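S.K.: Give the three-dimensional model of this entry:
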Amino acid sequence: MFGKLAKLLRERIGGSPLMTIFIAGATKTIEEPLLAGFIGNSTVLSGAVKLFLGGWLIPWVSGSHKSNPIVNGVSLGFGIDGVEDIIRGLFFGGGIMNGGIFGGNQQGDVI
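M.R.: Residues are numbered from 1 along each chain as shown. Sure, this is the predicted structure:
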């Protein structure tokens with residue numbers, strides 16, 4: 001049973017191991033509602049902050065992310081959520097700075 005699960009987690013989707021994809025999904029699910037009260041959600045600003053966290057800060061703090069599926073997954077989760085926020089902010093009414101410490105909806109649209 002565990003051997004089959006381990007083999008499944010080594011499978012790849014779009015070049016990333018399935019384990020990294022699961023970690024990315026879990027990261028997005030956890031960080032989105034936690035950060036919404038501070039930086040908002042579905043805005044260009046919240047997207048920029050999340051891209052910064054996923055693209056630079058998390059890999060920098062961890063030292064190296066080249067072969068670490070956990071760090072890769074966390075970075076990917078923040079990156080995907082950041083891009084989603086920017087797209088929603090620009091094209092679906094989220095705006096530049098709605099929510100979080102900038103006023104407006106403290107919850108954001110957690111999707």
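S.K.: quick one: contacts for residue 54?
M.R.: Shown in contact with residue 54 (CB atoms under 8 Å, 6 or more residues apart in numbering): 74, 75, 76, 77, 78, 79, 81, 82. Yep, even glycine has a C-beta here, placed from its N, CA and C like the rest.
S.K.: Which member of these is positioned nearest residue 49?
M.R.: residue 82 (7.4 Å; CB to CB).
S.K.: Wait, the closest one touches residue 43, no?
M.R.: No - look at residue 82 against residue 43 with CB atoms under 8 Å: they stay out of range, at 10.7 Å.
S.K.: Compare neighbour counts for the two and give me the winner.
M.R.: Shown here are residue 82 and residue 43; by other CB atoms under 10 Å, residue 43 has more neighbours (28 against 22).
S.K.: Look up how far residue 28 lies from the more buried one.
M.R.: Distance check for residue 43 against residue 28: by CB to CB, to the nearest Å, it reads 16 Å.
S.K.: try residue 4
M.R.: Computed as CB to CB, the residue 4 to residue 28 distance reads 26 Å.
S.K.: These two - which one has more neighbours?
M.R.: Shown here are residue 4 and residue 28; by other CB under 10 Å, residue 28 has more neighbours (22 against 8).
S.K.: The more buried one contacts residue 81, correct?
M.R.: Yes - the pair residue 28 / residue 81 is scored as a contact, 4.7 Å apart, by CB under 8 Å.
S.K.: for the chain, what spans make up the helices?
M.R.: Along the chain, the segments classed as helices by DSSP state H run 2-9, 18-39, 44-52, 58-62, 69-91.
S.K.: now these in TSV, with mean pLDDT?
M.R.: Below are the helices of the chain laid out as TSV (pLDDT from 0 to 100):
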stretch	mean pLDDT
helix 2-9	66
helix 18-39	93
helix 44-52	93
helix 58-62	77
helix 69-91	91
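S.K.: residues in contact with the residue positioned nearest the centre of the chain?
M.R.: Centroid check for the chain by CA atoms, centre = their mean gives residue 78 as the closest residue, at 2.0 Å. Each residue near residue 78 by CB under 8 Å, 6+ apart is listed here: 27, 28, 31, 50, 51, 53, 54, 55, 58.
S.K.: Sweet, I'm off.
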